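Q: I'll drop the sequence and a predicted model, then ask my questions.
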Amino acid sequence: MNIFLVALTYFAYIFIILMYAVKVIKIARLPVHLRWELYPVISEPKGRYGSAYIEDEREWRKNHGKTVRKGIIYLLKENLKFSEYFKSNRWYWLVLFPWHIGFILIIVFHILCFFGALVMIAGNPVAADSVYILGKIFYYGILVCGVISFITGAFGSAGLIIKRLADRDLRAFATPQNYLNYVFTLVVFLSGIYAWIFADPTFYQYREFWRGVVTLNPVSVEPATAAHIILFDMFLIYLPFTRSMHYITKFFAFLWVRWDDRPNFRGSKVESDIKGLLDKPVSWSAPHIKSGRTWAEIVTEKKHDEKTP
Amino acid sequence: MTKKHLKLTDISKEGDVQLDEVNIDELIPLPPPYDKNEGLKQLTDDQKVRLVNNLDGFSALALPKPKDKAEENKYIGQFVAGLKKLLSKENNWTFLQPLLLSLDYCARCQTCSDACTVYTASGKKDIYRPTYRTEIFRRLINKYAKSGGKLRAALGAGNIEINWGTISRLYELSYRCTLCRRCAQICPLGVDNALITRELRKLFSQELGWAPKELHEKGTVLQLEVGSPTGMRPAVAIDNIEFLDEDFTESTGIKVATPWDKEGADVLLLHSAGDILSFPASVIAFTVLCNAAGISWTLSSEAPGYDGVNYGLFYDDIQLARIVTKHAQIARKLKVKKIVMGECGHEHKALITVADRLLIGDLNIPRQDAMSFLEDIVFSGKIKFDPSKNNFPVTLHDPCNVVRNLGIVEPQRRILRYLCPQFREMTPHGVDNYCCGGGGGLSVMSDVNFTDWKVNVSGRMKFIQILEAFADQPGPEVGKYLCAPCLNCKLQFKDMFKYYGAREKSGIICGGLAELIVNAMVDVKKPFITWDEE
Ligand code: SF4
Ligand code: SF4
């Protein structure tokens, strides 16, 4: 059992990281698209004219790094505050916010457990009465994150199930999978609460378990804690099959589409990418397209035989 | 009347079942004197027999009913093929990444619904929800165009059938959205329902060959063939504008002439031919201003260089690319330094940003928006103005394609604040504006009974907003000017004001920005804005 828990934990983490990486790479490798920005572009320094004023390459390049940073900071903050939801959909926010806080904190909880294990391995006990300040910080950090995560997450999951069932507009768009997701998260968070109250009130076992994971020296934990570990690992394996990636893809949607005002300067990478794309063959069937030629040939109405080598 | 709640699967109801209907007393109310409910135009019995009528009782597209099952099946097959092509890099590199980011990550939170003026004006009909058509489309893509989709659909990922009802309703429904992108702006996840709607239109156009005739046969096809969707050929364009020049010279004593095909000019001005026909004051106003400011400019008489519209933006990437390429080729041939847009919102979006990644090498000629161009003229110090000549209530309509889609918000305002003492904003405005209701190509579409839908549903919130902006002087005795620097918006307002009698009941007329500038010129003695126009 002990070995199984450690193996499952490794598998779950490697699986989710790989799956997410594959998805991100797939999105990133999609071809450059036509510009489709939407204002306000939060990071836009020349708000005076938007993007339309004849673009100055030097100015644009000078500001680009800054604007990307500004955009990322805005999105990170937004991922923590959910202020867009707060402004426009208050009731939904009331359950969505704790649900997500539950997720964020459960991730922080595990990161702290991992580093806490390293701290322990380095010889500093992680405990309330640890003589090392680092030990104290990790002890309280893990405790606070774990408890708040389980409680807010469980509240949010249950709230979302109720909200989605009670609100006709939301219900009409929900799939059985949506409910499965909420129920799954509810079970994960509830199992955490149960283990915390009845088996592991200071997360001692959890910290030891993580030390075992890192040192490949499995320790035994009580059934309630083991159940939570298994459920959480299963949840990590399940996550890539849900829409959970939106937490990450949101950055792409904003930075690569909504705020993507990268001009197509002569000789730029964008231009050479587009040249390549215009050479792609088109197979749309509508008669006006007269397919079987490349984009470039179609839009300039060159025939095959007129193509210059 | 109880509100009808629709399920997503209702879209595939077989046969001619109409999913919902628009009743005027369900729409959000208009203030007096526009609160008298007149019925909405219904399809005639003959139209009901001939045309598909299974959505909301309106027909924008006059889609004929299929002859038999075989024809239905042919279209269904093409639709499925089109779904797959939308996901292919070769056929849809133009929007593949934005499409996938919008398709795969919607949280179905419905936050976007209330941002949609069509949905709110309709009394919150499910059928007009930004997510209704897009969620259906998403489920169809997932089921029919992705591997293992049918199994996933059956296991609970959302199962919708493709049949004749599904595709014919979706086709019509894709033209119940103005592509204004208010919904996209509010979405916390960056999902763009307008983009998905446009992809749906693209599928119909690029795979099935289905598109509204005003946008396609009489739109882009005609523009590529003869030069303009108005059917205007080069010689007629020159004639018309020469007439405008002479008329202005005669009535004001100020000699103006339009330069044609002047090689090496600084500016190629790209009007919309619709302005030449329907709002000629806009065209002559630009001529007056360019000449008075001493700008080196030209118009082009090479088709389609005198018509900047590009309806491809609304429904078809290939047509879009063909037209922007032609425009750029003409500018290159004339060796101009830059192309300046006329007052046409979608021309701005098509040619300034969307085209930016279609034009390569020396075709990528600098392009400038009309607003900052006019601002440069007004504040150049070369023309004398007397703002008291514009001392009447003026409000500004923000064309979606200029503000939300391009971010040009301030130049037009600086002009109005300077030249119009009674300028007032609408609420909301700028990037948060309401669409005129004719966006996404709707303003030029008027088949069957669609005009009634445009003025009553999609344009309703805007109409209320305009009336509110002028609420301090509501009567017809005070002339009021709605400044709408976009041809398509003006066309929608023309229909709307005529339908409601806004000129007679409230004294409101609609025109562009350049006209207000010329009206304030000291040298132009006679009022340029005549108040006769609709
Ligand atoms: S598009 Fe955005 S706002 Fe609308 S339902 Fe989806 S996630 Fe929510
Ligand atoms: S683009 Fe505009 S009209 Fe279309 S769904 Fe979104 S808000 Fe509504």
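A: In hand now; what should we look at? Ligands and ions are numbered 1, 2, ... in the order given.

Q: In terms of helix, strand or coil, where does the spatially most central residue of chain B fall?
A: With distances taken as C-alpha atoms, centre = their mean, the residue of chain B nearest its centroid is B:Gly439 (2.9 Å). Secondary structure for B:Gly439, judged by DSSP: H, G, I helix; E, B strand; the rest coil, is coil.

Q: Give me the nearest residue to it, chain neighbours excluded.
A: B:Thr178 (3.4 Å; C-beta to C-beta, 6 or more residues apart in numbering or on different chains). Every C-beta, even on glycine, is put in place using the N, C-alpha and C of the backbone.

Q: What about the one you found, how many residues nearby?
A: 29 (other C-beta atoms under 10 Å in any protein chain shown).

Q: before we move on, back to that, and the residue nearest to the centre of chain B, how far from B:Tyr311?
A: Distance, B:Gly439 to B:Tyr311, by C-beta to C-beta, to the nearest Å: 12 Å.

Q: And for B:Pro212?
A: 9 Å.

Q: sorry, back to before: contacts only, for the residue nearest to B:Gly439.
A: Residues near B:Thr178 by C-beta atoms under 8 Å, 6 or more residues apart in numbering or on different chains: B:117-118, B:400, B:435-440, B:442, B:458.

Q: Doesn't it lie inside a helix?
A: No. Per three-state DSSP, B:Thr178 lies outside any helix segment and is coil.

Q: So it versus B:Met445, what's the distance?
A: 11 Å.

Q: Overlap in contacts, those two.
A: Common neighbours of B:Thr178 and B:Met445, counting by C-beta under 8 Å, 6+ apart, are absent.

Q: Now for chain B, the helix or strand with the poorest mean pLDDT.
A: helix B:149-152 (a mean of 88; mean pLDDT, DSSP states H and E).

Q: Give me the residues contacting that one.
A: Contacts of helix B:149-152 (C-beta under 8 Å, 6+ apart): B:142-144.

Q: Please apply the same query to stretch B:103-116.
A: A:84-85, A:88-89, A:92, A:96, A:169-170, A:173-174, A:178, A:243, A:245-246, A:249-250, A:253, B:119-120, B:124, B:128-131, B:134-135, B:137-138, B:141, B:182-189, B:191, B:193, B:196.

Q: same thing but 6 Å
A: Residues outside stretch B:103-116 that contact it (C-beta atoms under 6 Å, 6 or more residues apart in numbering or on different chains): A:88-89, A:92, A:169, A:173, A:243, A:246, A:249, B:119, B:129-130, B:138, B:182-183, B:186-187, B:189, B:191.

Q: buried ones in the host helix or strand of B:Leu491?
A: Per DSSP states H and E, B:Leu491 falls inside helix B:487-500. Within helix B:487-500, the residues that count as buried by 16 or more other C-beta atoms under 10 Å in any protein chain shown are B:487-497, B:499-500.

Q: Against ligand 1, which of those residues make the cut? List them.
A: Among the buried residues of helix B:487-500, none lies close to ligand 1 by the criterion of C-beta under 6 Å from any ligand atom.

Q: Just checking the distance from the least confident helix or strand of chain B to the centre of its chain.
A: Relative to its chain's centre, helix B:149-152 lies at 37 Å (C-alpha atoms, centre = their mean, to the nearest Å).

Q: Just the CA atoms of it, as PDB, please.
A: Extracted C-alpha coordinates of helix B:149-152, given in PDB (Å, rounded to 0.1, in the frame of the first residue of the first chain):
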ATOM      1  CA  GLY B 149     -16.200  12.500 -30.400                       C
ATOM      2  CA  LYS B 150     -19.300  10.400 -30.800                       C
ATOM      3  CA  LEU B 151     -18.300   8.200 -27.900                       C
ATOM      4  CA  ARG B 152     -17.600  11.200 -25.700                       C
END
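
Q: how about residue 272, phi and psi?
A: No chain in the question, so chain A it is. phi -70, psi -30 (degrees, to the nearest 10).

Q: Following the record's annotation, map out the domains of the chain.
A: Since you didn't name a chain, this refers to chain A. A:2-30+A:67-241, A:269-299 (automatic domain parsing).

Q: that's the other chain; I wanted chain B
A: Split by automatic domain parsing, chain B gives B:8-208, B:216-375, B:384-519.

Q: Tell me the span between the first and last residue of the last one.
A: By that I understand domain B:384-519. By C-alpha to C-alpha, to the nearest Å, the extent of domain B:384-519 from end to end equals 11 Å.

Q: give me the number of residues near whichever residue of chain A sits closest to ligand 2?
A: As assessed by C-beta to the nearest ligand atom, ligand 2 sits closest to A:Leu38 within chain A, at 10.7 Å. Around A:Leu38 sit 23 other residues, with neighbours defined as other C-beta under 10 Å.

Q: Model confidence score at it, please.
A: For A:Leu38, the pLDDT comes out at 92.

Q: What backbone torsions are found at the closest residue to it other than its chain neighbours?
A: Leaving aside its chain neighbours, A:Leu38 sits nearest to A:Arg258 (4.8 Å; criterion: C-beta to C-beta, 6+ apart). Torsion angles at A:Arg258 (phi, psi; degrees, to the nearest 10) stand at phi -60, psi -40.

Q: Surely B:Gly381 forms part of a strand?
A: No. Secondary structure assignment (three-state DSSP) places B:Gly381 in coil, not in a strand.

Q: What is the neighbour count of it?
A: By other C-beta under 10 Å, neighbour count at B:Gly381 equals 7.

Q: And A:Phe86, by the same measure?
A: 15.

Q: just checking, it is part of a strand?
A: No. Per three-state DSSP, A:Phe86 lies outside any strand segment and is helix.

Q: Helices of the stretch 151-300 of chain A, residue ranges please.
A: Counting by DSSP state H, counting those that start in this stretch, the segments of the stretch 151-300 of chain A that form helices are A:168-171, A:176-198, A:204-215, A:223-238, A:246-252, A:269-278, A:295-300.

Q: Any chance of CSV for those, columns mean pLDDT, distance to chain B and mean neighbour count?
A: Below are the helices of the stretch 151-300 of chain A laid out as CSV (pLDDT from 0 to 100; distance: least, C-beta to the nearest C-beta, whole Å; neighbours: other C-beta atoms under 10 Å in any protein chain shown):
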stretch, mean pLDDT, distance to chain B, mean neighbour count
helix A:168-171, 92, 5, 14
helix A:176-198, 96, 3, 19
helix A:204-215, 94, 31, 21
helix A:223-238, 96, 14, 19
helix A:246-252, 90, 4, 19
helix A:269-278, 95, 5, 16
helix A:295-300, 95, 4, 20
